[in-house]
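K.L.:
Provided below for reference: sequence and predicted model.
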Amino acid sequence: MSTTPVIEVDRLKLTYGDFPAVRDLSFEVRPGELYALLGTNGAGKTSTLEVVEGHRRQTSGTVRVFGRSPGDRRVVRPRMGVMLQESGFSPDLTVRESVRLIGRLTRRSDDVDRVLDLVGLTDRAGRKVAQLSGGEKRRLDFATAVYGTPELIVLDEPTTGLDIQSRDAVWTTVDRLRENGATIVLTTHYLEEAQQRADRIGLMHQGTLHREGTVSELTRSLPAVIQFRLAEPVPLLPLPAAVGADGTVVIETFALQKDLHDLLGWAQDQAVELRDLQAGPTRLDDVFRAITH
């Protein structure tokens, strides 16, 4: 597989009037990876993706997709599938007509019935878009993104409004596409999806990229937490800790296993009860919260 980045963003700046939506943003997406671009509302994720997709022009900076400008739609668009947050299909078209239309517009070829079966819409093929449920419309959005098995697929909040089974079906299809070499760019508010599936994650806030790396790299940047309550005060804890007025003890640590072992041994030796004991590694949502503070 080629090592040339599928997407290269270098010092991207995008302004709306005097408002800087994206400020000096740089990142790249490698072939075959699932890259999650996450951030708070208004962080600039959608604006960034609109530039990558060729739907908006940047104020300054350089963006390349397959080594070309996203504005070179004759070359780039047939190789890219896009699932927008809202795609705005004509309510009077049927599901089959909508998928076929997107295929023509993007100049990708595929078997419509194959794609409808892939996303679980075979029994809705003749139904008008206006008659679909919210979840069915999201599956239709997904169908148009994966039509023609493009090399690059951009998924903007792909599982919003889907039930558990439909979510699982979407990710099963994404896994299959990745096995065939597809590169995926994901935005989602379901952080557990990114934590479970992304090869690398970029965290945006207020138009800039605050942190980037694998889930392990990001979570290692913050301490894990051990928390419990003491039934009665003790003269000395075995580890540095913050003790609340209600007896709640919080210990932050970069050596969770060792410190938890030491704490439990101390509690056993001193006959101290650790009520409501909780301990666990740092999660992606902890890192996410940290950038907003």
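P.N.:
That came in fine, so what should we check first? Residues are numbered from 1 along each chain as shown.
K.L.:
is it fair to say residue 177 lies in a strand?
P.N.:
No - counting by DSSP: H, G, I helix; E, B strand; the rest coil, one finds residue 177 to be helix, located in no strand.
K.L.:
Burial check on it, number of neighbours?
P.N.:
Counted by other C-beta atoms under 10 Å, the residues lying close to residue 177 total 20. Backbone N, C-alpha and C define where each C-beta goes, glycine included.
K.L.:
For it, give me its contacts.
P.N.:
Counting by C-beta atoms under 8 Å, 6 or more residues apart in numbering, residue 177 makes contact with 146, 149, 153, 184.
K.L.:
ok, what's across the strand from the third one?
P.N.:
This points to residue 153. Beta bridges link residue 153 to residue 81, residue 184, judged by DSSP bridges.
K.L.:
ok, so what distance separates it from residue 213?
P.N.:
Using C-beta to C-beta, to the nearest Å, residue 153 is found at 22 Å from residue 213.
K.L.:
before we move on, what about the first one?
P.N.:
Here the distance between residue 146 and residue 213 works out to 28 Å (C-beta to C-beta).
K.L.:
ditto for the second one
P.N.:
Taking C-beta to C-beta as the measure, residue 149 and residue 213 are separated by 29 Å.
K.L.:
Give me the domain ranges for this protein.
P.N.:
Here the domain parsing of the chain from automatic domain parsing is 7-218, 223-292.
K.L.:
Give me the mean pLDDT for the first one.
P.N.:
Spelled out, that is domain 7-218. Rounded to a whole number, the mean pLDDT of domain 7-218 is 92.
K.L.:
how far is it from where the chain is centred?
P.N.:
Put simply, domain 7-218 sits 10 Å off its chain's centre (C-alpha atoms, centre = their mean, to the nearest Å).
K.L.:
and what of stretch 249-261?
P.N.:
Averaged C-alpha coordinates place stretch 249-261 at 29 Å from its chain's average position (C-alpha atoms, centre = their mean).
K.L.:
Enumerate the positions of that stretch that are buried.
P.N.:
Counting neighbours by 16 or more other C-beta atoms under 10 Å, one finds that the buried residues in stretch 249-261 are 249, 251-253, 256, 259-260.
K.L.:
Can you name the two of those residues that sit furthest apart?
P.N.:
With distances taken as C-beta to C-beta, the most widely separated pair in those is 249 and 256, at 15.2 Å.
K.L.:
Report pLDDT for residue 293.
P.N.:
Residue 293 is assigned 68 on the pLDDT scale.
K.L.:
From the contacts of residue 177, pick the one nearest residue 173.
P.N.:
Nearest to residue 173 out of the contacts of residue 177 is residue 146 (C-beta to C-beta; 6.6 Å).
K.L.:
Test my guess that residue 10 contacts residue 61.
P.N.:
Yes - judged on C-beta atoms under 8 Å, residue 10 makes contact with residue 61 at a distance of 6.0 Å.
K.L.:
which of those two has more neighbours?
P.N.:
Neighbour comparison, residue 10 and residue 61: the larger count goes to residue 61, with 17 against 13 (by other C-beta under 10 Å).
K.L.:
between residue 146 and residue 213, who's got more neighbours?
P.N.:
Between residue 146 and residue 213, counted using other C-beta under 10 Å, residue 146 has the larger neighbour count: 23 against 15.
K.L.:
so what's the more buried one closest to, chain neighbours aside?
P.N.:
Counting by C-beta to C-beta, 6 or more residues apart in numbering, residue 81 is the residue found nearest to residue 146 once chain neighbours are left out, at 5.7 Å.
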